[in-house]
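Visitor: for reference, the sequence and a predicted model appear below.
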Amino acid sequence: MASATKDETQANDGLAQEQPLPVRAYRIMLRARVIEDKLASLYRAGMIKGGVFLGRGQEALSTASTIFLRKGDIYGPCIRDQAGRMAFGDTMLDTLRTYFGSAQGPMRGRDGNIHRGVPKEGSYAMISHLGSMIAVVGGGLYARRLRGETGAVGITSIGDGGTSTGAFHEGVNFLAVEKLPVVIVVANNQYAYSTPNSRQFACADLLDRATGYGIAGHRADGTDIFSCLEVLERAVQAAREGGGPQMVLASLLRLVGHGEHDDASYVDPTLRKAPVGRDCIEVGAQQLTEGGFATADDIAAWTAEAQSEVEAALSIAQREKGPDPLHEGWQAISTSRLMDGYYNGGDE
Ligand SMILES: Cc1ncc(C[n+]2csc(CCOP(=O)(O)OP(=O)(O)O)c2C)c(N)n1
Ligand SMILES: [Mg+2]
């Protein structure tokens, strides 16, 4: 079983590090599910500007992606990575501050929703879901190499559809040639928007793409948090120990539409009933109770706790003001001034 010690991982998710790893991971998955359920209802109530793109069904893989990261590592998330963001330190309050355009949030109300990030903490603001983060995360690690800094690992994730883009192929080739310590997490959720795997690629297995670029490939069951933890721990360790880029491929099903504007009616109903269509939150609850990690009452209490946390964060974020255009400097978030001034609210 995967393990992580207190000083190996970030004490960043608000949950005690002393908890067994599967419990800690499950609670992060659950918190992501609870906040995303809230985002979905806020969207339907017309209370959110812009799109809402959720990771329902992908929380196990997303959580396992970043739970083994340390301070100083780099994360380039994609649109379905609320859980991975939370495992890397994103709070419910900062999530909601971004969705509600609060000037107190990490993007200071100037960029929305899934495009948030905290660059000075290694969490890069997402550009696009379709492969652009691979080169950016690789570039971050390459810059550190040029400065003589070693030991950091980068993680970025992508969907099945994204693995056919030019940005993906160029990015992975760059990582491979430079032997950069990046784990590319591929969530094969069977569709790219409404396009099924069969209309996306003709190779037998997406891991063939790792072979094609000369990098290591690993396979996980994306519906099973234990499998995801075991595989991601191995991949992150291999990258950290000099093994170069690692690709992790996990199969699962997106249990929502592409975004909340999409009803996913094109999804083949047989997939929903197949093992790949299992809900990792339900599977995880069963695994934890059968494995003696938790009782059904514990899980109910964790859920209620997460729901109260969302409501408390929402009542703060909804009351906060957006940026004041007269006094806002509008520099890029990556400028040192904003990096240093993060959260001091008023350096311009
Ligand atoms: C050039 C371009 N075309 C289309 C889109 C809209 N778009 C964003 S994600 C996506 C599908 C991605 O599918 P996949 O990589 O499988 O990820 P998933 O959404 O399934 O997580 C599309 C069509 C875009 N962002 N950019
Ligand atoms: Mg997909």
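Guide: Great, that's in hand. Ligands and ions are numbered 1, 2, ... in the order given.
Visitor: show me what contacts Glu309?
Guide: Arg31, Val34, Met92 (CB atoms under 8 Å, 6 or more residues apart in numbering). To be clear about C-beta, it is placed using only N, CA and C from the backbone, and glycine gets the same treatment.
Visitor: one more time with 6 Å
Guide: By CB atoms under 6 Å, 6 or more residues apart in numbering, Glu309 lies in contact with Met92.
Visitor: Gly171 now?
Guide: Gly131, Ile134, Ala135.
Visitor: just the strands in the stretch 1-150 of the chain please.
Guide: Under the criterion DSSP state E, counting those that start in this stretch, the stretch 1-150 of the chain contains strands at 74-76.
Visitor: any weak-confidence spans in the stretch 201-348 of the chain?
Guide: Counting by pLDDT under 70, the stretch 201-348 of the chain contains low-confidence residues at 332-348.
Visitor: residue ranges for the strands of it, please.
Guide: Using DSSP E, counting those that start in this stretch, strands in the stretch 201-348 of the chain cover 216-221, 246-251.
Visitor: other SSEs contacting the first one?
Guide: Using 3 or more CB pairs under 6 Å, 6 or more residues apart in numbering; DSSP states H and E as the contact definition, the elements that strand 216-221 packs against are helix 225-240, strand 246-251.
Visitor: only C-alpha atoms, please: export the first one in CSV.
Guide: Taking Å, rounded to 0.1, in the frame of the first residue of the first chain, the C-alpha atoms of helix 225-240 are listed here in CSV:
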residue,chain,number,x,y,z
ILE,A,225,-8.4,5.3,-5.1
PHE,A,226,-6.2,2.6,-3.8
SER,A,227,-5.0,1.8,-7.4
CYS,A,228,-4.5,5.5,-8.1
LEU,A,229,-2.5,6.1,-4.9
GLU,A,230,-0.2,3.1,-5.5
VAL,A,231,0.5,4.0,-9.2
LEU,A,232,1.0,7.7,-8.6
GLU,A,233,3.3,7.1,-5.7
ARG,A,234,5.5,5.0,-7.9
ALA,A,235,5.4,7.4,-10.8
VAL,A,236,6.2,10.5,-8.6
GLN,A,237,9.1,8.6,-6.9
ALA,A,238,10.5,7.5,-10.3
ALA,A,239,10.4,11.1,-11.6
ARG,A,240,12.0,12.4,-8.4
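Visitor: and it, which residues are buried?
Guide: For helix 225-240, the neighbour count (16 or more other CB atoms under 10 Å) marks 225-236, 238-240 as buried.
Visitor: with stretch 290-301 instead?
Guide: Buried residues in stretch 290-301 (16+ other CB under 10 Å): Phe293, Ala294, Asp298, Ile299.
Visitor: might you report the residue contacts of the second one?
Guide: Yep, that's Ala294 we're talking about. Ala294 sits in contact with Leu288, where contact means CB under 6 Å, 6+ apart.
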